[in-house]
Structures are given as structure tokens and as C-alpha cells.
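Student: Starting from these lines, generate the structure:
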Amino acid sequence: MRYPVPAASHRTTDVIQRSRFITTVERVGTVEAAEAFVRRIRAEFPDATHNCWAYVVGPPGSTGHVGMSDDGEPHNTAGRPMLTVLLHSGVGDVAAVVTRYYGGTKLGTGGLARAYSGGVQQALRELPLGERVELTRVRVTVDHASVSGLQRFLPDHEASVVGQEWGAEATFDVELPEERAEALRRAVGDLTRGRGTVASVD
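Tutor: As a prediction, the model looks like this:
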């Protein structure tokens, strides 16, 4: 599985009716990383009126590991609108904190929801993206005559050798994207006329 993730931390600032909203978005691979990110932003802006947050750990739109907080704003006016934007963004492993410095004018519940969700939308529009690729490791065993052929086509499968042993046959530990493993099995079978093997490594 592969999906877009933040390539770097990104921050935007907006002023709405004298309240300043600072949105910070970052890649988080675990719930612990998301919680640490929130703590870091809180420490950076300790005097803020609110530090509201939301995160999605996992593929885009997955709800297995999500979190959110209104941090003292009226119920469901900050964390939930932020989480909704993240879930529909097409980006995975992402967390957002919107820091608010109150400017003296109440925005109302609808205005708050628009301000918080809008901050996240703006940050995501400008966010540099990378890609998360789920890797798997396999052990490829071939006869010596097939080694050069194997080495030639490994890059076609985005595969890299992480270990090798030479005995009666040649054995290579190979890392590659999970979805490429089956194609590699077929390629090794064709190369060795069915004598080579590709086994999963735990």
C-alpha cells in the first residue's frame, strides 16, 4: 500500500475578526507521534487562548487511529471540523494543530467551525507531499547462472538487496513495496524456469 503523506511540517496564519489562527500540519506515523506533536505546539504557544487539534494515523480516510480536541472551544466547533477536513484530504499520517489568539470578537459556533476547518484546508493546499510505501522483505533463491538477470530486473520492481549469501545457490534478502512482491515472484519464476524461489521473511 502507498499513499500521500506530508513531506515536511507546514504552517499558515490567518486573522479573522482580530483573532489570529496559526495552523501547523505535520506527518505522524503513530498515535504517540501525534500526541508528541500536539505537546510540542502547546509548548511553543503556551500563551495561546486555544490549541485545538486533530490527527489521522494510517491511510487517507481511515478512522482506526484518529483523535481530536476542542481545547476549551464550544463542543464540536474545532476538533471535529478539523478532523473532517483531514479525513477527506486524501492525505494519510497527518496531524494538525490550530493555535488561536483571541481578538475580542466572538465568532459564533458556525464561524468557529469555518475558521478551524478553513485553517486546515489552507495548510493542506500548500502542504508539500511525499509518499508512504509499505515495504515487505522476501528471500530470493536462484542458481548462480540467474544472478545477473535477477540483479538487472530488481530495480524495475523498486526492490533493493539488504543481504546476500552464496552457497550452492545464491540467496538474496530483498526489500520492496508490498504490492510488487507477486510480480517479482512471477519474474523470478520466468527467469529460472520455475526453479527459483521467493519466500516471505517475517
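Student: mind listing the helices for this protein?
Tutor: Here the chain has its helices, by DSSP state H, at 31-44, 79-87, 108-126, 147-153, 181-191.
Student: Distance check, the residue lying farthest from the centre of the chain against residue 136.
Tutor: Outermost residue of the chain with respect to the C-alpha centroid, by Cα atoms, centre = their mean, is residue 168; its distance is 42.2 Å. Between residue 168 and residue 136 the computed distance is 26 Å (Cβ to Cβ, to the nearest Å). For every residue, glycine as well, the C-beta is placed using N, CA and C.
Student: quick one: stretch 50-59 to chain centroid distance?
Tutor: 12 Å (Cα atoms, centre = their mean, to the nearest Å).
Student: Look up how far residue 134 lies from the most centrally placed residue in the chain.
Tutor: Centroid-nearest residue in the chain, with Cα atoms, centre = their mean: residue 93, separated by 3.1 Å. According to Cβ to Cβ, residue 93 and residue 134 sit 12 Å apart.
Student: Residue 147 now?
Tutor: From residue 147 over to residue 134 (counting by Cβ to Cβ), the distance is 27 Å.
Student: Apart from its chain neighbours, what residue comes closest to the residue nearest to the centre of the chain?
Tutor: residue 5 (4.6 Å; Cβ to Cβ, 6 or more residues apart in numbering).
Student: Quick check, that neighbour in contact with residue 132.
Tutor: Yes - using Cβ atoms under 8 Å, residue 5 is in contact with residue 132, at 4.6 Å.
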